[in-house]
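A.B. asks: model this:
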Amino acid sequence: MSGTGHSPHPDGADSPVPLEERTGPTDIADPLIRTEARKAFVWIGMAALFALIVFLSQSLLVIFGGVVVAALIDGGARLLGKVLKIPRGWRVGLVLLLALAFVVWMGDFAGSQIAAQAAELPATLESQFHRGAVWLESHGFMLRVTDMRSLAKEAISGVGGGIGQVTRMVGGLIGGLTTLFLILVLGIYFALEPLLYRRGVGWMLPHDRREHFEETAGIMGQALRRLLLGRVIGMTVEGLFTWVMLEIYGVPMATLLALITGLLAFLPNIGAPISGLLMILVGFSGSYEMGLYTIFVYALIHLIDGYLIVPVIARKAVDLPPALVLAAQLIMGVLFGLLGLALADPLVAMIKIWLERQAERNDDLAPASPEQTTSL
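C.D. replies: This next block holds a predicted model:
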């Protein structure tokens, strides 16, 4: 009888059937159709997950930036641990205090000098663009110096007229500072309790994959620390060497150029040409001989970086083809701006390690071929 909560018994009598055992509207009796439906749901879930990742890509990149900062802090704490036998939390706090002290020193002692030099830099570069345009015009290139000068001024200043452009610039600056603050906060949290977050991610994986994840995460962490160590050493060496060499010859804005060179050293393949171009333009603004000297300094700095720092430290961590890194920087720069450009190198390194580890796991799980079985 319908509506009584009973169903016919095989013997002909009515017997109650619990609600959880009754056939539902989504139950599929045919096994083949049921298998194909499960496959379809898996593909639909994969597509939905991919769409979610694309939608949250900016937030995921900020989280990865926090992981990079955490690896940098953790690397500093590990280095201090070789000298100071104190708890890890104290070492992390000491690293943060040293970083804060450096920022305060930079702003207090070198801030006014750098600000004054930064105010002079646009005018110097504009005059160099103007001189270059005059030289090209004198050698037969049909260029209008006034147009080149105005184009250079807009390219260097980066800000045109109008309230709308100023508003966008201020909004972009506030957004960039907010993103940087979030990355720093996430990095500090990750660095204070890395095992907590790593075990949390591992807990969400199946049991048979947790050990593989732990090993892969350890390898990734070690490689990321070595990669960042190479970046920090390269930034420090290039910045100090640039400052010393430019100060010896009396190149204008030596402190600002050294700071720019050191900061842009974090961006392989892209940072070096930008800092070198600025250095050479400022050098030629002084004299022809000074310009040649800045070319020599630029070549010497990057010979040291390319043949000493990178082979000894960075390539031992993850050996990445330069063309692959440059392509990733271009793509990430277009998609995510400066943040994507800065994180492209470590992201590619982590993906490379994950793919290598996954290939090793697949080899271990693959059944032995008949030739291998015969040899055994």
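
A.B. asks: which residues of this structure score low on pLDDT?
C.D. replies: The model of the chain has pLDDT under 70 over residues 1-30, 109-121, 123, 125-126, 128-129, 132-175, 306-318, 367-376.

A.B. asks: all strands of it, in order?
C.D. replies: Using DSSP state E, the strands assigned to the chain run over residues 6-8, 14-16.

A.B. asks: report the contact partners of the residue nearest to I219 when sequence neighbours are not counted.
C.D. replies: Of all residues not flanking I219 in the chain, I353 sits nearest, at 5.9 Å (Cβ to Cβ, 6 or more residues apart in numbering). (Each C-beta comes from the backbone N, C-alpha and C, glycine too.) For I353, the contacting residues are T216, I219, M220, A223, V318, by Cβ atoms under 8 Å, 6 or more residues apart in numbering.

A.B. asks: how near is the third one to L324?
C.D. replies: Spelled out, that is M220. Per Cβ to Cβ, to the nearest Å, M220 is found 18 Å from L324.

A.B. asks: in the stretch 201-350 of the chain, which spans are helices?
C.D. replies: Counting by DSSP state H, counting those that start in this stretch, the segments of the stretch 201-350 of the chain that form helices are 207-249, 254-264, 271-286, 288-304, 315-317, 322-365.

A.B. asks: so can I have TSV of the ones you listed showing distance to A101?
C.D. replies: Listed next are those as TSV, based on distance: least, Cβ to Cβ, whole Å:
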stretch	distance to A101
helix 207-249	16
helix 254-264	17
helix 271-286	25
helix 288-304	27
helix 315-317	28
helix 322-365	23
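
A.B. asks: so of those helices, which one's packed in deepest?
C.D. replies: For the helices of the stretch 201-350 of the chain, average neighbour numbers computed from mean count of other Cβ atoms under 10 Å are highest in helix 254-264, which has a mean of 21.

A.B. asks: mind giving me the packing neighbours of it?
C.D. replies: Judged by 3 or more Cβ pairs under 8 Å, 6 or more residues apart in numbering; DSSP states H and E, the packing partners of helix 254-264 are helix 111-138, helix 207-249, helix 271-286.

A.B. asks: between the shortest one and helix 207-249, how many degrees?
C.D. replies: This points to helix 271-286. Counting by axes from the mean of the first three to the mean of the last three Cα atoms, to 10 degrees, helix 271-286 lies at 10 degrees to helix 207-249.

A.B. asks: how far off helix 288-304 does helix 271-286 point, in degrees?
C.D. replies: 160 degrees.

A.B. asks: closest one to L195 among the helices and strands packed on helix 254-264?
C.D. replies: helix 207-249 (10.1 Å; Cβ to Cβ).
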